[in-house]
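>>> Sequence and predicted structure, then a few things I'm wondering about:
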Protein chains: 4
Amino acid sequence: MKLAILGGGGVRIPLFVRGVLSRPGESFSEICLFEPDQARRETIGRLAVEVAAALGHRDVVTVTPDVEEAFTGADFVFSAIRVGGDRGRLIDEEVALRRGLVGQETTGPGGCAMALRTIPVVLSYCEALARYAPGAVLINFTNPAGLITQAISLYAAVRAVGVCDTPSGALDRLAEFTGAGRDEIGFSYAGLNHLGWISSFRVAGRECIGTLLDRYEELQRFDHRFAAFDPGFVRRLGAVPTEYDYYYYEPQRYVAAVAQAGASRGADVLRLNSGLLGDIAKAFEAGDVHDAWHAYFTQMRIRRSSYMRTDMAGEAMPLAGPAPTPAGADGHDATGHDLGPAGGGADRPGGYEGVALAVIAALTGRRPASVIVNTRNGASLPFLDPDDVVEVPAHIDGGGVAPLAGGALPRSARGLVTQVKEYEREVVSAAVTGDAERAALALALHPLVPGVTVAREMMSEYRERHGPDLAYLR
Amino acid sequence: MKLAILGGGGVRIPLFVRGVLSRPGESFSEICLFEPDQARRETIGRLAVEVAAALGHRDVVTVTPDVEEAFTGADFVFSAIRVGGDRGRLIDEEVALRRGLVGQETTGPGGCAMALRTIPVVLSYCEALARYAPGAVLINFTNPAGLITQAISLYAAVRAVGVCDTPSGALDRLAEFTGAGRDEIGFSYAGLNHLGWISSFRVAGRECIGTLLDRYEELQRFDHRFAAFDPGFVRRLGAVPTEYDYYYYEPQRYVAAVAQAGASRGADVLRLNSGLLGDIAKAFEAGDVHDAWHAYFTQMRIRRSSYMRTDMAGEAMPLAGPAPTPAGADGHDATGHDLGPAGGGADRPGGYEGVALAVIAALTGRRPASVIVNTRNGASLPFLDPDDVVEVPAHIDGGGVAPLAGGALPRSARGLVTQVKEYEREVVSAAVTGDAERAALALALHPLVPGVTVAREMMSEYRERHGPDLAYLR
Amino acid sequence: MKLAILGGGGVRIPLFVRGVLSRPGESFSEICLFEPDQARRETIGRLAVEVAAALGHRDVVTVTPDVEEAFTGADFVFSAIRVGGDRGRLIDEEVALRRGLVGQETTGPGGCAMALRTIPVVLSYCEALARYAPGAVLINFTNPAGLITQAISLYAAVRAVGVCDTPSGALDRLAEFTGAGRDEIGFSYAGLNHLGWISSFRVAGRECIGTLLDRYEELQRFDHRFAAFDPGFVRRLGAVPTEYDYYYYEPQRYVAAVAQAGASRGADVLRLNSGLLGDIAKAFEAGDVHDAWHAYFTQMRIRRSSYMRTDMAGEAMPLAGPAPTPAGADGHDATGHDLGPAGGGADRPGGYEGVALAVIAALTGRRPASVIVNTRNGASLPFLDPDDVVEVPAHIDGGGVAPLAGGALPRSARGLVTQVKEYEREVVSAAVTGDAERAALALALHPLVPGVTVAREMMSEYRERHGPDLAYLR
Amino acid sequence: MKLAILGGGGVRIPLFVRGVLSRPGESFSEICLFEPDQARRETIGRLAVEVAAALGHRDVVTVTPDVEEAFTGADFVFSAIRVGGDRGRLIDEEVALRRGLVGQETTGPGGCAMALRTIPVVLSYCEALARYAPGAVLINFTNPAGLITQAISLYAAVRAVGVCDTPSGALDRLAEFTGAGRDEIGFSYAGLNHLGWISSFRVAGRECIGTLLDRYEELQRFDHRFAAFDPGFVRRLGAVPTEYDYYYYEPQRYVAAVAQAGASRGADVLRLNSGLLGDIAKAFEAGDVHDAWHAYFTQMRIRRSSYMRTDMAGEAMPLAGPAPTPAGADGHDATGHDLGPAGGGADRPGGYEGVALAVIAALTGRRPASVIVNTRNGASLPFLDPDDVVEVPAHIDGGGVAPLAGGALPRSARGLVTQVKEYEREVVSAAVTGDAERAALALALHPLVPGVTVAREMMSEYRERHGPDLAYLR
C-alpha cells in the first residue's frame, strides 16, 4: 500500500512518520513525500527518512519534487499543504486583527484569504491525481479543511474526504472525563469543520449530555479546550461546543487576548519555525542526525503546549520548551526526544494523523468504523443541501463513506452553520471563477465580518499583500 | 365598530386619527385612547379629540386611563406602547454604542432591552383583553414588533397579529419605480420583523427581480431606503433587502455614522419630543387649538424627514423643519399644517396605520387582501418551527390570517433568520421566567453581539440603568 | 374583456353563459366559443347564443371552429374539452370495471387513459395560445384537472391555473351546516385535484373541525357528499375528506355499487347525452328556441340530481327528471326551465364556473380572494416538489396566484398524495414522450391498481380500444 | 456472555444453536431457551441441547419455562415468538385470501392480525426484561418485525433493535452477482421492514445501480428473489425492490398464484410442522438422537427450498425434500444431515441469526459495522417522524445504534412508506389501548385493503376466529 503526502516537507511530517511506523499492523510499503521546496526536502524530508530508518523501515520513505512520481501507484494521498507559508498566515491574521476583528488561520477573514490562495493549487493537484492514480482516495488535511474539501467535492474528479482531529479530540477527552471506555461511547456531533457541536454523549446507551453540562466547570478544569466557553451559555445551548467555536462565541475576547499577548498565533509560529529549518540543516551538515531530531522535536513540543493559549488566555508563546508531561496527557505523545519508536500514546495516535489512519483502515475494510469526517452532506443535515460538505460522523468501510443521520443541533447553531456554509460556497465560487468582487462579497457573508464595506477593504488589502498568490482574482 | 388604542397618548396618534377619519368608508363608531399618563392624555389625547371634532366626528374619540373602559366592547385593539419612554430608548442605544456596537431601538442589544421591558407589560394587557373583550383582535405595533408578537403568540390567549410598514413601504416604492400599478404586482417577501427580503417581484405575472437588481443603483437614487446597501452585494444575494437589514449588513458603517453624527436616533428623538408636550400644553392653555396642532405637526415632519439619515449617512437631525414636499412623495401625507382632512396620500395611508387598517378591512370580510404581517409561521417558512412568529404575506379575510407559502430566501438570509429567531425566543423565555441570566445569554445569541462576555456586561448595565423596568429579572 | 372557451360546445356551456350574463358586474364584452364539431356548434353553441340574446346581450357570444379567431384578443381562456367524448369515457371506465377495479372518469385507470388522450391536445392548444394571446390566463377545467394542469405547468409557456368546485362546494356546505357566513370561515384544505382533505375549519378564528367530526353523522344527513364515508374512519383521520376521496377509501364498495346499478356513470351519461343534440337540433329546425332550451335543461337536471348516486349508493340514473327542488339546495341553481335570467342561487354561482369567475375577478384585481386552485406547489406542501401541481387555497390578486402555506394533512393522506403525484408526473412524462411502456408503468403506480401485470393489461386494452386517440403512444 | 431466547422452542432454534456454536470466536457462555410449551421444550429444546453437546459445548444451552430465570444475567435477548402458532397464521392468511386479498403472514391483513395478537405479549416480556436484566439489549425477530419493534420502541423501557435478513440477503446476492467482495460494497437501503428498496449500490466507491438495473433480467435468472418483479417497472423505479415489495407491486398476481397452488404458505407450513414435533418426540423416545435430528433437518430443508414459491410462482410446497444443493448456494448452509458442525456457509451465517450475531458483535465493540436494522428513525428518513421505527443501515458499535442518513427513495416508495408507517402506528395504538374499532380503522389504512368496509369485516372475523388471542380488543 502506497501513501503519497502532498506537503511532505511540512513540519509535522517526521512526527507523523514516526507515529505511523511505530504502530503494529500498519502496512505501508511506501510513503512518498512530495515537496517542491528543496530546502524542506533536505531538512524535514531527510529527517523523515532518518526516522523511518531508525525504526527499521529503511526504504519505506521517499522524497520527491515530482508529482507524477509521487502519485503513481498511490492508494491514498494525504494533502497537507500551506500555500503562502507561515508568512502568508501572518498576513491573513494581521489584516483582520488590525481592524479589531478575529484574525485566525482558518476562521473568518484569515481563513477566507487562505482558502482563496489554496483552492486553485489543490484543484490542480486533484487533476494530476485523477490522471496518475484515478482510484486513489485523497485525505485532505489542508486548511481550512472544510472549505477545501468543499471545493474538491464540487470541482474535482477524485474520491476525497476531509479530516480534522478537533471533534474526535474533544470526544476522547469527554470519554476520559466520564471514565468511559472510548469504545462504549455513542454521540451526536454535527457542524462544519471548526464549527461543530456535540449534542449527545451516551455511555452504554445511556444519555449523559445533561450530566456533562451540569459538570461543565469541572470539565473545564479537566481540559483546557473547554475552558474558554461561558458555562452558563453552554448549558443553555444544550450541547458541548468544540474549541474553534470560541471564535464565534467570544470574538471580542479573542481580539483582546491577542492584543494582550502582543502577537497572534501566526506571528508566534512564524518566529518559531523561522530558525527550525536552519537548525536542522546545520545539524545534518555536522553529520549529527540526533541533534537534528532534537532541534525538531523541542520546537514541536513548544508549539503543541502553547496551542490556543494566545487566543484564549492572552499568553504569548514561550521560546523555551515546557517541562515534559506524561505521555498522552494532552492526547499526544510527549516522549521521544530520541529517534526511537513513539511512546504509549501512539496506540491511539492523536491529531489529524490518527484520524486519517483510522479512515484508511476503515476504507480498506480492515477496521470498519464511525469516524467524524468532512464529506458530502447527502441527507445528514436536512437544513443543508446534499452537495454541501459537512463535518459529521460517517460509517466508513470498504464500501465507502456514509454519513450518519445528523443529530439535533441547537437552533442558533443551525443558523450559524447555514450562514457559514453559504460563505464557504461563495468563496469556492469566487476561487474557481477567479472573481475578486465575488471574493469580497463572499467574505462579507461571514458572521465575523461586520459589513460589506469592511469586507471589501480587507479583500483589497489581501490581494495587495499576498501578491502572486491571489493575482488570479480579477 | 370600536377600536381601542393602547398607547393612545403616543405622538403619532393625532396624525393617525386624522388619517383614519379622513378616509371614506372607515366605520369606527368609537376610537378609545387608553393612556395612563395624565400629561399625555391632556396634550396628545386632547389633540386627537380636537382633530376628530374638526373633521366632524365629535364623539368618536375618547380618552381614558382605565383599561376596562378601553377594552370593553372593542372589536380591535391597537397596541403601540413604549415602556420606559424616549429616555429608555436612549439608554438602550447608548449601552451598545459605547462599546462600538449597533445601538438601535429594535435591533441588537437595544431591541433586546426594549423587549425585556415591554413583554411583561404587554402580556398583562393581553390578560385584561382576554377578560374584557375576548373576541377582539389585537393589532400589535409595539416594538420590537416581531419579538412582542412572538411573546403574545406563545403566552397570551388573544387573537393577535403584528404589523410593520417596512416591507409594504418598500414594495410600494418598487411598484412606483417600475411604473406598475400597486394592484398588479406579485411578490415574495419573507423574514422576521426588521429582517426581511423581497426575493421575487412580478408584474402581471412576469418576474422582474432580475431587472430590479440590474437597475439597483438607479433604484437607490429613486428612494433612500435602498441607498445604504452595497449594490454588488445585493445582486449577489439575489433579493432586495428591506431597510433594517442595513444594521446586519453594515454594522461597522452604522456605528461610524452615528459617531460622526454625534448622536443616535434615540437622542435626537428625545431632544425633539422633550419640548413637544410642553408646547402643546401651552397652546391649549392659551386656548389655541391651531397652535397646538401646528407645534405638533411641525415636529412630526422633522422626525419623518430625518428618518434613518443618522444611521446611514451620519447626518444629525435638524431642528428646523424641512421644506414642504409634495404629498405622497415619500409615501406619507405631507400636507396638513392645519387641522383639516388629510391630503391625497391618505387614500392609501402610509405607515403602520395604513397596514393596520388594511388588516381590519380584511378581517371584517370587507376587503380580503394579502398583507405582510407578523404571525405564526405554520408551514410558511419550512426551516422554522410552526409556532415561530414570522413576517410574511398572509391572506386575510373574515376567516382569519393564513400565511402564504414562503418564498425562497437567500441561504445566508435563512441562516440569519434562524439565528435571530432563536435569540427572540430566548428573550421571550427570559421575560416570562424573569431570569436575568437567561436574558444575558439570549442577548449573546444575537448576531450583532460579539460574544457572551460582552453580552453579560451589557445586560448588567441595562438592568442597572433601567431600574424598575427591568427589576423583575433576577 | 374577452373570454375564449375551449370546448365551447360542451353541454354545460349554455348554463354557464346564462349564469355569467345574469350576474351583475361581470364585464365580458365577448365570449367566444371554440368548437371544432359542427353539430355541437349548431346545437349547443347556438343555444348559448340564444340564451345571451334572451338576456339582452345579443352580440356577446360568438361561436367559431377557428382557434386563432378564438384566442386573438382573449384575456382569459377556459379549457373544458373532452377528447374522445362520452364514448371514450365509457371505454375508460369499462376496462377497469371489468377487472373489478374502480372505473371512474378522473381517478384510477379511467383517469389515466383520459389524461393520455388529452395531454397532447391541450398542449397543442397551449402552443396556439402562446402565439395568439401570450398574456392571457388559461383557466383549466379539463379533466383530470390536476393532471392536465400539471402537464401545462411543466410543458407549456402559458399562465395557467386549474379549477375544480369540489373543495369549495364542500366548504360551502360545511359553512351552511354550521350556520356560519361563508365570509367568516377560515380553513385548511390541501391535496391534489379529486384527492383533498379539509383539516381545519374555523369560524371567526375559532377551530371547529373537532365539532364537525363529532357531528359527522348529522353532517352526512345534511349533505349527500359526506354520506358515503365511514364516520369512525373520518374521525380517526381528523379531517373531512372531499367526495372523490371515496374512490380511495371504498374502492370495493364502489365496484359493488356500480355492479348493482348495472351501469357506470359514464354509461348513464352516454345514454343521456346521445339523444340530446338530436333533440335540440330538431327543436331548432322546428324554429322553437324554447323547446330546444327545455330539452336541454331537463337533461341537465337529471344529470345533476343523480350525481354520484350510482357510485355511492348503487342507484341507476333515472331517465325522467326529478321534481324541481328549491334554488340552491344542492348548491346549484334549479330554476330556469325558461330562458330567463338564472335564479337566486346564481348570486354565488355553484360549480366550476363559479370558481373560475372568482379567479378572474381576483386576477383582474377587482376582488382579491383566497380560492382553492390547482397550481404550482412552491413551498405549500413541503413533502412535495416545488413544481408539482397541487390543489390548495391560493391568494389571488392582480399580482397573480400565491399558494397559502399548506395545512397539516393526516399522515396517511400525505402518503397517498405523494404516491398519486408520482403517478401523475409519470403519466405526463409518458404523454410528452409518447412512450407506451412508460404509460403502463405509470398506471401501475396508481394506488387503485393492484399490480404491474394488470396495469400492462389495461394499458394494452386502452390503446387498442381508443384507437387513434392513443396511437401516438409507441 | 449470556443470551436468552424468547421462543426458544421455535423450529429454527436447533439450526441456530448449531450455527452459533460452530463459529469460531463466538463467546456465549450461556444460551437460555425460554419456552412455556412443554412439548416444545422436550423436542425442539432438547434437540438444541443435544446439538450443543455434539459440538462439545455441553453446558451452554439450557431450557426453561421461567422468564425470570431466562432473563436474569442476560446480556442479549432474542425475541422470536409466534403468538397463536401456525394455526393462527393460517387464519391470518385465510381471512384475506377468501376476499381475494393478499393473505400473508407479515404484510396486509394477516400482518395486522398477527401484530395485534403479539404486541401485548411482547410488551409484557419487555416489562419482565426491564425488571430482571435492565441493561440487556433485546434483538427482535418476532414478526411483523418492524411493527413489533415500533411497539417496543414507543411503549417499552428496554434497549431494542429489530432485525430481518431480507435486505442483507438481497445485498449479498447483488455482491455475488457483480463479483464484488461483500466488504467492498457500499449501498443505500431504506424503507420499513418488508418494504424496502436498494437505491444505490457502489463497488469501491463507483455507483453500479444503473448497471444492475440494465442487467435486471440476468439478475432475475441469477436469484429467484428478484424474479417476480417486472423488469421495466424496476428500471423505472430506479431502485432494486426487496422481495416482500412483491406483495405491494403484484397483489393480484399473488392472489392468483395462491389460488393456483391451492394453499397459502401458512397452510403449507402448518401441514409441514404438524408432524414434526411428534416425529422428534418419537425418535427421542426411541433413544435415537440422530433420527430426531434427521427428521428435523429434512423438514427444515423442504421449508427453505420452497420459500416464496407459492406466492410468486403458484407452486405448492412439496412434501419430500429437495435434492441436496451445494452449501451456501442460497445463502444458507445446506449440509448437515448429521449433528456435526455447520458447513462452509456458516462463516457468514445467513438468515436472521447471522444479522443478529453481527449486531451483537458490533454492540460489544468487537466488530463495529454497518448493519441494516429496524430502529428509531431520528433524522434518517426526513419525511418520517423521529420516533418512527424504520429499516435502514445503522452504524453499530459499543456506543449503540446510529442510523445512517437515508438514501434517496423513489418518490412512489416514499408515499407507500409514509402510508404504511401510519398504518403501523395505528395498529400499535389500537393494541396498547385495546380498542377494536381503532384496530379495524388501522387496517383500513393499509394500501392492500380496498376500503374501510372490508377492513371492518375482516377485523370482525379475525376477532371471532382468533378467540382469546384478540379478546382484549373491545
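Now that the structure is in, tell me what you want to look at.

>>> can you list the weak-confidence ranges in chain A?
Within chain A, the stretches with pLDDT under 70 are A:307-310, A:312-350.

>>> can you list the residues of it near chain B?
Residues of chain A found near chain B (Cβ under 8 Å from any Cβ of the partner chain) are A:100, A:229-230, A:232-233, A:236, A:249-253, A:383, A:410-412, A:414-423, A:426, A:437-438, A:441, A:444-445, A:447, A:450-454, A:456. Heads up, the C-betas are built off the backbone N, CA and C, glycines and all.

>>> let's see it at 6 Å
Residues of chain A lying close to chain B (Cβ under 6 Å from any Cβ of the partner chain) are A:230, A:232-233, A:236, A:249-253, A:383, A:411-412, A:414-415, A:418-419, A:422, A:437, A:441, A:444-445, A:450-454.

>>> Please spell out the ChimeraX selection for the buried subset of those residues.
Buried residues within these, by 16 or more other Cβ atoms under 10 Å in any protein chain shown, are selected in ChimeraX with:
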select /A:230,232,233,236,249,250,251,252,253,383,411,412,414,415,418,419,422,437,441,444,445,450,451,452,453,454
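
>>> Helices - which of the residues of chain A next to chain B land there?
A:232-233, A:236, A:249, A:251-253, A:411-412, A:414-415, A:418-419, A:422, A:437, A:441, A:444, A:452-454 (DSSP state H).

>>> close to chain D, is the lengthiest helix in chain A?
Longest helix in chain A, counting residues (DSSP H): helix A:108-132. No. Judged by Cβ under 6 Å from any Cβ, helix A:108-132 and chain D are separated, with a smallest distance of 13.4 Å.

>>> residues contacting A:E50?
Residues in contact with A:E50 (Cβ atoms under 6 Å, 6 or more residues apart in numbering or on different chains) are A:V289.

>>> Quickly find the element holding it.
Assigned by DSSP states H and E, A:E50 belongs to helix A:46-54.

>>> continuing past that helix, what's the next helix or strand?
For helix A:46-54, the succeeding helix or strand toward the C-terminus, using DSSP H and E, is strand A:61-64.

>>> which parts of the longest helix of chain A are buried?
Buried, per 16+ other Cβ under 10 Å, within helix A:108-132: A:108-123, A:125-126, A:128-130, A:132.

>>> show me the contacts for A:L174.
For A:L174, the contact set (Cβ under 6 Å, 6+ apart) comprises A:F201.

>>> backbone phi and psi for it, please?
According to degrees, to the nearest 10, the main-chain angles of A:L174 amount to phi -60, psi -40.

>>> centroid residue for chain A?
In chain A, the residue lying closest to the centroid (Cα atoms, centre = their mean) is A:C164, at 4.7 Å.

>>> Helix or strand: which one has it?
Using DSSP H and E, A:C164 maps to neither a helix nor a strand.

>>> cool, and the one 5 residues further on?
Using DSSP H and E, A:G169 sits within helix A:166-178.

>>> A:A145 is in contact with the residue nearest to the centre of chain A, correct?
Yes. Checked against Cβ atoms under 6 Å, the pair A:C164 and A:A145 is within contact range at 5.1 Å.

>>> Which neighbours do those two have in common?
With Cβ under 6 Å, 6+ apart, A:C164 and A:A145 have common neighbours A:N193.

>>> before we move on, the earlier item: intersect the residues of chain A next to chain B with the contacts of chain D.
For chain D, no contacts are drawn from these by Cβ under 6 Å from any Cβ.

>>> now the strands for the stretch 201-350 of chain A?
With strands called from DSSP state E, counting those that start in this stretch, the stretch 201-350 of chain A shows them at A:206-207, A:240-241.

>>> what lines up beside the last one in the sheet?
Same thing as strand A:240-241. Note on strand A:240-241: by DSSP bridges, its sheet partners are strand A:195-203 (antiparallel).

>>> outside of the partner strand, which residues touch it?
Strand A:195-203 is contacted by residues A:167, A:174, A:180, A:185-189, A:191, A:208-209, A:212, A:239-242, A:391, A:407-409, A:413, A:420, D:400 when judged by Cβ under 6 Å, 6+ apart.

>>> For A:T118, which residues are in contact?
Contact partners of A:T118, counting by Cβ under 6 Å, 6+ apart, are A:V83.

>>> measure it to A:F71 for me?
Plainly put, A:T118 is 19 Å away from A:F71 if you go by Cβ to Cβ, to the nearest Å.

>>> Buried only: go through the contacts of strand A:195-203 for me.
Buried, going by 16+ other Cβ under 10 Å: A:167, A:174, A:180, A:185-189, A:191, A:208-209, A:212, A:239-242, A:391, A:407-409, A:413, A:420, D:400, out of the contacts of strand A:195-203.

>>> Now do the SS call for whichever residue of the stretch 1-150 of chain A sits closest to chain C.
Distance from chain C to each residue of the stretch 1-150 of chain A (Cβ to the nearest Cβ) is smallest for A:Q150, at 24.9 Å. Here A:Q150 is recorded as helix under DSSP: H, G, I helix; E, B strand; the rest coil.

>>> nearest residue to it other than its sequence neighbours?
Spatial nearest neighbour of A:Q150, excluding adjacent residues (Cβ to Cβ, 6 or more residues apart in numbering or on different chains): A:V389 at 4.2 Å.

>>> State which one residue of chain A is found closest to chain C.
For chain A, Cβ to the nearest Cβ, closest residue to chain C: A:P382, 11.0 Å.

>>> That residue touches D:P382, doesn't it?
Yes. A:P382 lies in contact with D:P382 (Cβ under 6 Å); the separation is 4.7 Å.

>>> For A:L404, give me phi and psi.
Torsion angles, degrees, to the nearest 10, at A:L404: phi -70, psi 160.

>>> Report how many residues lie close to it.
Neighbourhood size, A:L404 [other Cβ atoms under 10 Å in any protein chain shown]: 26.

>>> For it, give the beta-bridge partners.
A:L404 forms beta bridges with D:L404, as assigned by DSSP bridges.

>>> right, and it touches A:P393 too?
Yes. Between A:L404 and A:P393 there is a contact under Cβ under 6 Å: 4.9 Å.
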